[in-house]
Every structure is written in C-alpha cells, then in structure tokens.
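**Student:** Structure for this input, please:
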Amino acid sequence: MASTLGNMLTSLRNAQKVGKKEVRVPASKLKAAVLDVLKDHKYIASYTTEVEGVKSTIVVTLKYTRLSATSDTPGIVGIDLVSRPGGRAYITRDTIPFVRDGFGIAIVSTSKGVMTGKDAYRAGVGGELLCKVW
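**Tutor:** A predicted model of the protein is given here:
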C-alpha cells in the first residue's frame, strides 16, 4: 500500500530542489488539508484544484525567497513524513513534538481537522502525526 501523502511530500521536496515553479499531484481531501496548513504558514505560495472528467489534480505553486542576487531559497527547506501506512504515529496533546526549535511545524490530523501541532495543543487534542516541515 503506497502512501499518497508521502508521494506528494516527495514531489514537493524534489521540485524545490530543482527549482520548479509548480507541481501537479493527484487530488485528495487529506492532501488539500495539508496544503491548506502549508499555505497558511507560508511554506507554499498557493494551490488550485483542476477537474478533468473524473480525475482531479492539485496544482501547487511553490514559494521561493530571494536572499542573494544569485540564488533563491525554497519555502520548504525540509519535510519529513512521520506516519506511514506500515506504522502510524499517534500522539497525545502532551507529546506533540517541537520542530527545529520552533522554526518548523508538525502537521497533525485530529478529530477537529488537520492542523499544526501548536493549534492541536491549544485545542487540547492529539491525533495522527502526519509530517514535520521546516
């Protein structure tokens, strides 16, 4: 069983390494919820959903920051998939990880929706730890 979320995160990571402007991935509600969190925290520029017949595709516009005259820095420096189909990672409110000394976010799927670890802590819920982004 393949991890569709893992495939999307790998596509984002690889596209930013080679400097692509956008990425196309098959659509799902979980992917859209994770991309909402990434967009809200300014790791990606935007995303849209395209429908072609019965197939839906998400087009993600990647974000780059110009720090010098010669190179652009990607919005996502690193991204790790934590929960995999072969081993789900469930956490409680008190065990939500602190990512890169506060410079990153943990994305958690809770009973109240997909949110960051900080938002899950404030809401008083735990859930499945999907990934860490910095």
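
**Student:** can you give me the strands in the chain?
**Tutor:** Counting by DSSP state E, the chain has strands at residues 22-26, 44-52, 55-62, 64-66, 72-74, 79-81, 90-91, 105-110, 113-116, 127-133.

**Student:** Which neighbouring elements make contact with the longest one?
**Tutor:** Secondary-structure packing of strand 44-52 (3 or more CB pairs under 8 Å, 6 or more residues apart in numbering; DSSP states H and E): helix 29-40, strand 55-62. Heads up, the C-betas are built off the backbone N, CA and C, glycines and all.

**Student:** at 6 Å what do you get?
**Tutor:** Contacts defined by 3 or more CB pairs under 6 Å, 6 or more residues apart in numbering; DSSP states H and E place strand 44-52 against strand 55-62.

**Student:** The strand it packs on versus strand 22-26: what angle between them?
**Tutor:** Angle of strand 55-62 versus strand 22-26, following axes from the mean of the first three to the mean of the last three CA atoms, to 10 degrees, is 150 degrees.

**Student:** Quick one: distance of stretch 58-67 to the chain centre.
**Tutor:** 13 Å (CA atoms, centre = their mean, to the nearest Å).

**Student:** Endpoints of it, how far apart?
**Tutor:** Using CA to CA, to the nearest Å, one end of stretch 58-67 lies 28 Å from the other.

**Student:** So which bits of it are buried?
**Tutor:** Residues of stretch 58-67 classed as buried: 58, 60, 62-63 (neighbour count, 16 or more other CB atoms under 10 Å).

**Student:** Switch those over to a markdown table; also include pLDDT and distance to G86.
**Tutor:** Output for these, formatted as a markdown table (pLDDT from 0 to 100; distance: CB to CB, whole Å):
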| residue | pLDDT | distance to G86 |
| --- | --- | --- |
| I58 | 98 | 25 |
| V60 | 98 | 26 |
| L62 | 97 | 29 |
| K63 | 95 | 31 |
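
**Student:** what is the residue nearest to D36 when sequence neighbours are not counted paired to in the beta sheet?
**Tutor:** Leaving aside its chain neighbours, D36 sits nearest to V114 (7.3 Å; criterion: CB to CB, 6 or more residues apart in numbering). Note on V114: beta-bridge partners by DSSP bridges are S109.
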